[in-house]
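# how would this look folded up:
(2 chains)
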2 protein chains.
Amino acid sequence: MSVQASARAVTARSAIMRAAERLYATEGFAGVSIRQIGEAAGQRNKSAVQYHFTSRDELVKAILAEHAEAMEVHRLAMMSRLGEPAGMSPRDRIRCVVLPHIEHHVDLGVPSWYGRFLAQVVVEPALREYAVSVHLERPSLRRLYDATRDPGERDPARTARREAMTRVLIVHMCAELERDLAAGHATAASAATAWRRLGDDLVTAVCGLLGALRSDPR
Amino acid sequence: MSVQASARAVTARSAIMRAAERLYATEGFAGVSIRQIGEAAGQRNKSAVQYHFTSRDELVKAILAEHAEAMEVHRLAMMSRLGEPAGMSPRDRIRCVVLPHIEHHVDLGVPSWYGRFLAQVVVEPALREYAVSVHLERPSLRRLYDATRDPGERDPARTARREAMTRVLIVHMCAELERDLAAGHATAASAATAWRRLGDDLVTAVCGLLGALRSDPR
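Residues are numbered from 1 along each chain as shown, chains lettered A, B, ... in the order given. This is a model prediction of the structure:
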């Protein structure tokens, strides 16, 4: 491929990814065809999406991977400021889990689509495993969770449940705020303020939830 | 309609609802056509689903309403044992919010589909508002939340956020356990035990989360 053709391919891929994320966020997976995505991305060739991504699932995975990379930049910067996870306060570890999502949303601006897109991906049977592994099995996130784990915990199901609760709150509360901001009924003066307030609430909520589950003898 | 025809219609509606819930839970809204649902429900007439429900959204609403009614029976029984919400302990109020979901899942047995079905409905743009209002605007649930509300709370957005966090945890954690049970990798000896353990964890988690947010001065 020539340099020009290759540059055009990058531009086309990016336009398709943005159109897909927007349409899926607002219409749902069931409401959007691959052809509509190509049209919305300004592609004249009716097979453009298949040509660039082969299938809906590969297109979704490419979108997820791109956002995960951007969040990872925020997370690694936070972690390099705060030192090793084992030496962090529990609250700082939760900050490193939660706030990269928030800062990524601040970067995306308003309206964004990724929050609602991700909330649908994690409940879509064909995509869920991939989404959870891409977002959860990052080595940085694993190190944070492992440092949070109770050394006396004998039941791995309880550890998995705490991580699942944390993930569920982050993913679905980000989708809720994104929807409110897109609909124009955010209460905060600016979107960045609203996102960071959600970030603070999520850190507080997750710390409270983990503390309560840990002190529950069962 | 004759008595027999009317009885057949009830049976057909029920078969269609069960098939829809199962197929949507396992294949997602995008993976299942109305015609496939009719076939899976044993309907020979290709328009059976349209005939009985007019559209996908009306079918989904009928399924949701049926489950909401069944949960309401559990909630009203709990509330009549415990008295007025204002007189309950905070933990008992949260029990009345969470445990009807759990007892309904115990009633459904294994495998069930409703948990994964509901998790997809609440993120589907066309259905979400309806799902939240059917599940959240029940008078019984509203009374519980209103009694939980902090009288000194001046910011209605914070109250709405706490309710949203509670809902998100219940809906998506029930879907996770249902998926694990259906896949046969539940760790508990019996499904009922696993459901009630999730119920206890959710009550503890929600109480911890609400307490932490309430004592956060911001």
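# Just list what the helix or strand of chain A at the bottom of the mean pLDDT ranking packs against, helices and strands only.
Taking all helices and strands of chain A together, the one with the lowest average confidence (mean pLDDT, DSSP states H and E) is helix A:128-136, at a mean of 86. Applying 3 or more Cβ pairs under 8 Å, 6 or more residues apart in numbering or on different chains; DSSP states H and E, we find helix A:128-136 packed against helix A:56-82, helix A:114-121, helix A:156-182. For the C-beta atoms, the positions are set from N, CA and C on the backbone; glycine is no exception.
# any idea of the mean pLDDT in the following helix or strand past it?
Using DSSP states H and E, the next helix or strand after helix A:128-136 towards the C-terminus is helix A:139-148. Along helix A:139-148, the predicted local confidence has a mean pLDDT of 90.
# and if you look at stretch A:65-75?
Here the average pLDDT along stretch A:65-75 is 95.
# Return the angle between stretch directions for the least confident helix or strand of chain A and helix A:139-148.
Counting by axes from the mean of the first three to the mean of the last three Cα atoms, to 10 degrees, helix A:128-136 points 80 degrees away from the direction of helix A:139-148.
# If you compare the directions of helix A:128-136 and helix A:56-82, what angle comes out?
Using the same axes, to 10 degrees: helix A:128-136 against helix A:56-82 is 20 degrees.
# returning to what we had before: now for the helices and strands packed on helix A:128-136, which one comes closest to residue B:75?
helix A:156-182 (22.3 Å; Cβ to Cβ).
# Could you measure from residue A:163 over to residue A:213?
As defined by Cβ to Cβ, to the nearest Å, residue A:163 lies at a distance of 11 Å from residue A:213.
# And the closest residue to residue A:61 other than its chain neighbours, how close does it get to residue B:177?
Beyond its immediate neighbours in the sequence, the residue positioned closest to residue A:61 (Cβ to Cβ, 6 or more residues apart in numbering or on different chains) is residue A:130, lying 6.0 Å away. Look at residue A:130 and residue B:177: by Cβ to Cβ, they are 21 Å apart.
# Looking at these two, which has the bigger crowd around it?
Set residue A:130 next to residue B:177 and count neighbours by other Cβ atoms under 10 Å in any protein chain shown: residue B:177 wins out with 23 against 17.
# Taking helix A:114-121 as reference, get the angle to the stretch of helix or strand residue A:207 belongs to.
Element membership for residue A:207, per DSSP H and E: helix A:191-214. The directions of helix A:191-214 and helix A:114-121 differ by 40 degrees, with the same axes, to 10 degrees as the criterion.
# Remind me what helix A:191-214 packs against, helices and strands.
Helix A:191-214 packs on helix A:90-108, helix A:156-182, helix B:156-182, helix B:191-214, going by 3+ Cβ pairs under 8 Å, 6+ apart.
# 10 Å instead, please
Applying 3 or more Cβ pairs under 10 Å, 6 or more residues apart in numbering or on different chains; DSSP states H and E, one finds that helix A:191-214 makes contact with helix A:90-108, helix A:139-148, helix A:156-182, helix B:156-182, helix B:191-214.
# Which one of the ones you listed lies nearest to residue A:20?
Go through the helices and strands packed on helix A:191-214 one by one with Cβ to Cβ and the one that ends up closest to residue A:20 is helix A:90-108, at 15.2 Å.
# Please state the offset of that closest one from the chain centre?
Centroid separation between helix A:90-108 and its chain, computed with Cα atoms, centre = their mean, to the nearest Å, is 11 Å.
# pLDDT on it, on average?
The model assigns helix A:90-108 a mean pLDDT of 96.
# Domain parsing of chain A, as residue ranges.
Segmentation of chain A into domains, based on automatic domain parsing, reads A:1-54, A:56-214.
# quick check, the first one touching chain B?
If I follow you right, that is domain A:1-54. Yes - Domain A:1-54 is in contact with chain B by Cβ under 10 Å from any Cβ of the partner chain, via A:24-33.
# Extract the CA atoms of stretch A:119-133 and return them as CSV.
These are the backbone C-alpha positions of stretch A:119-133, laid out as CSV (Å, rounded to 0.1, in the frame of the first residue of the first chain):
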residue,chain,number,x,y,z
ALA,A,119,-22.3,-0.4,29.2
GLN,A,120,-23.9,-2.2,26.2
VAL,A,121,-20.8,-4.2,25.4
VAL,A,122,-20.4,-5.6,28.9
VAL,A,123,-23.9,-7.1,28.8
GLU,A,124,-23.8,-8.3,25.1
PRO,A,125,-23.3,-12.1,25.4
ALA,A,126,-20.9,-12.3,22.4
LEU,A,127,-18.7,-9.4,23.5
ARG,A,128,-18.7,-9.5,27.3
GLU,A,129,-15.8,-11.8,27.9
TYR,A,130,-13.6,-9.8,25.6
ALA,A,131,-14.6,-6.5,27.2
VAL,A,132,-14.0,-7.6,30.7
SER,A,133,-10.6,-9.1,29.8
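# Chain neighbours aside, what residue packs nearest to residue A:175?
If the residues on either side of it in the chain are set aside, residue A:175 comes closest to residue A:119, at 3.6 Å by Cβ to Cβ, 6+ apart.
# How confident was the prediction at the one you found?
Value listed for residue A:119 in the pLDDT field: 97.
# Now do the same contact list for it.
Neighbouring residues of residue A:119 by Cβ atoms under 10 Å, 6 or more residues apart in numbering or on different chains: A:25, A:168, A:171-176, A:178-179, B:119, B:122-123, B:128, B:168, B:172.
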